[in-house]
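Colleague: I need the structure of the sequence given here:
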Amino acid sequence: MQTYSLFDLNEHIRRVVALNFSDPVWIVAEIAESNLSNGHLYLSLIQKAELESSRDTGILAQAQAVTWQRELRIIKSVHGPIAEEVLQPGGQVRMLVKVSFHERYGLKLHVWDIDPTYTLGVAALQRRQTIEWLQQEGLLHRNASLPLPIVLQRIAIITSREAAGFHDFKTHLEENRYGYYFQQTYFFASVQGKNAEKEIISALNEISRQYDQFDAVIIVRGGGSKLDLIAFDGKDLCAIVANMPLPVLSGVGHEIDEAVLDLTAHSAFKTPTAVAQFLIERSVQFEMNINQFVKQIEQATVYQTQSANSAMNNLHHVIQFASHNTLQKASQSINQLQEKISLSVLYQLKTEQHLLENTEKILTALSPDTVLKRGFSITLKDGHIIRNATDVQEGDLLEIQLANGSINSRVE
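Modeller: The predicted structure follows:
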């Protein structure tokens, strides 16, 4: 069996590659990593396979690619700003590459062109699959079924410090002309790129652990293209949003297309400023309702006061009339009683006078003078009346009183 040196083997491989891939070819892959250095863009390309037993992925193939500075300028001039978005890590790409093999540096793919429509198509397919899955799982409208507090004052905000929408949102909310105060707690995360979905999910999980401290969750960022917003179509992110214990409001800053996050959130707004305006207008409506209630209470109070005064006046007249009537009846009763008392007293006086006259006649009839005038006498011994003969002895001096005068006598 022939033995080759490593160089001979690699040289043979180079010739085989050059012979079979003399012209550039279109390939499909996922960008795992990208690094811009000295104007050249270095890419790590992979192809994944879904594993049946896990949601993780296995790597079927891997290769290194490069877009030299000259080709990179051409690609950007032909495709415009979308070129940079297509060449970001995590995206599925279709690119025109020239395959080369070097004895020392190995296989290298030189990128000559890209197909942005493919990347957009893959994103659209993934988006549709995500929506169908959310519908099947009953998650698409779950967050929207949560009650929205009347006033949203304690808000958890997920955004990026560098996002233009963050500053627009904060300024519009804090400088509202009504002077409303909102308690804002910020959870900063990437809002585009390969780490965006993971960091936003981490922020949502952190908010869930302290959900009783907030009235709602708000996710905002500035405007962007479809590829900028691809993180907001992620299935895992949308599932977390659907199951949040708080209403989630989105304002990711695009006027035409809706991200899947918008469909899953409680309420979606076109811009971060629109979210801030919604919070303000909700507070305005609450204040207007309160003022209306105050007016209704004031009107009801005035009406009740007037009714009470009218009732009191009517009651006053009723009491006054009843008092006058009662006093008249009482006066009549007193007069009648006075007459009865006068007649009773007069009758009693006459009765007593008659009784006195009879008593006087009796006393007159029983008077000693009257008795003496009838022929009786009173015998006294030493000023004491003698009632029995045994009360005197022989020789006692006695005084016998008669109707006219008295007689002295001696007992023999």
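Colleague: what residues does the lowest-mean-pLDDT helix or strand in the chain touch?
Modeller: Sorted by mean pLDDT, DSSP states H and E, the helices and strands of the chain end with helix 368-373, the least confident at a mean of 74. Contact partners of helix 368-373, identified using C-beta atoms under 8 Å, 6 or more residues apart in numbering, comprise 364, 378, 401, 402, 403. No exception for glycine: its C-beta is placed from N, CA and C like everyone else's.
Colleague: now that helix - C-alpha only, PDB.
Modeller: Written as PDB, here are the backbone C-alpha positions of helix 368-373 (Å, rounded to 0.1, in the frame of the first residue of the first chain):
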ATOM      1  CA  PRO A 368    -120.100  70.500 130.500                       C
ATOM      2  CA  ASP A 369    -121.900  73.800 130.500                       C
ATOM      3  CA  THR A 370    -124.700  72.300 128.500                       C
ATOM      4  CA  VAL A 371    -124.800  69.300 130.800                       C
ATOM      5  CA  LEU A 372    -124.900  71.500 133.900                       C
ATOM      6  CA  LYS A 373    -127.700  73.600 132.400                       C
END
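Colleague: ok, which stretches of the stretch 201-350 of the chain are strands?
Modeller: Assigned by DSSP state E, counting those that start in this stretch, the stretch 201-350 of the chain shows strands spanning 216-220, 248-251, 267-268.
Colleague: looking at these, which is closest to residue 394?
Modeller: Among the strands of the stretch 201-350 of the chain, the nearest to residue 394 by C-beta to C-beta is strand 216-220 (143.2 Å).
Colleague: which elements pack onto the closest one?
Modeller: Other elements packing on strand 216-220 under the criterion 3 or more C-beta pairs under 8 Å, 6 or more residues apart in numbering; DSSP states H and E are strand 154-159, helix 164-174, helix 196-208, strand 248-251, helix 272-365.
Colleague: tell me the centre residue of the protein?
Modeller: Nearest residue to the geometric centre of the chain (C-alpha atoms, centre = their mean): residue 149, 6.0 Å.
Colleague: distance check, that residue against residue 248.
Modeller: Separation of residue 149 from residue 248 (C-beta to C-beta, to the nearest Å): 13 Å.
Colleague: next helix or strand past the lengthiest strand in the chain?
Modeller: For the chain, the strand that runs over the most residues, judged by DSSP state E, is strand 25-37. Once strand 25-37 ends, the next helix or strand along the chain (criterion: DSSP states H and E) is strand 40-50.
Colleague: tell me the mean pLDDT over that next one?
Modeller: Strand 40-50 shows a mean pLDDT of 86.
Colleague: give me the contacts around whichever helix or strand comes after it.
Modeller: Using DSSP H and E, the helix or strand that directly follows strand 40-50 along the chain is strand 57-67. Strand 57-67 has contacts (C-beta under 8 Å, 6+ apart) with 29, 32, 40-51, 75, 87, 95, 97, 107-111.
Colleague: state the mean pLDDT of the very next helix or strand once past strand 57-67.
Modeller: Once strand 57-67 ends, the next helix or strand along the chain (criterion: DSSP H and E) is helix 69-79. What helix 69-79 shows for mean pLDDT is 89.
Colleague: do stretch 295-315 as well
Modeller: 87.
Colleague: can we start the residue count at 425 from this point?
Modeller: Got it, first residue is 425 now, which makes that one stretch 719-739.
Colleague: could the C-alpha coordinates of it be exported in CSV?
Modeller: The C-alpha coordinates for stretch 719-739 follow below in CSV (Å, rounded to 0.1, in the frame of the first residue of the first chain):
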residue,chain,number,x,y,z
LYS,A,719,-69.0,65.5,40.0
GLN,A,720,-71.7,62.8,40.3
ILE,A,721,-71.1,62.6,44.0
GLU,A,722,-71.2,66.4,44.4
GLN,A,723,-74.5,66.5,42.4
ALA,A,724,-75.9,63.6,44.4
THR,A,725,-74.8,65.4,47.6
VAL,A,726,-76.5,68.6,46.6
TYR,A,727,-79.7,66.8,45.6
GLN,A,728,-79.7,64.8,48.8
THR,A,729,-79.0,68.0,50.8
GLN,A,730,-81.9,69.8,49.1
SER,A,731,-84.2,66.8,49.6
ALA,A,732,-83.2,66.6,53.3
ASN,A,733,-83.8,70.3,53.8
SER,A,734,-87.2,70.1,52.1
ALA,A,735,-88.0,67.1,54.2
MET,A,736,-86.9,68.9,57.4
ASN,A,737,-89.0,72.0,56.4
ASN,A,738,-92.0,69.8,55.9
LEU,A,739,-91.3,68.0,59.1
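Colleague: list the buried ones in that stretch?
Modeller: By 16 or more other C-beta atoms under 10 Å, stretch 719-739 has no buried positions at all.
Colleague: rewinding a little: kindly reformat the contacts of helix 792-797 as CSV containing distance to residue 725.
Modeller: Shown next, in CSV, are the contacts of helix 792-797 (distance: C-beta to C-beta, whole Å):
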residue, distance to residue 725
788, 89
802, 101
825, 102
826, 106
827, 102
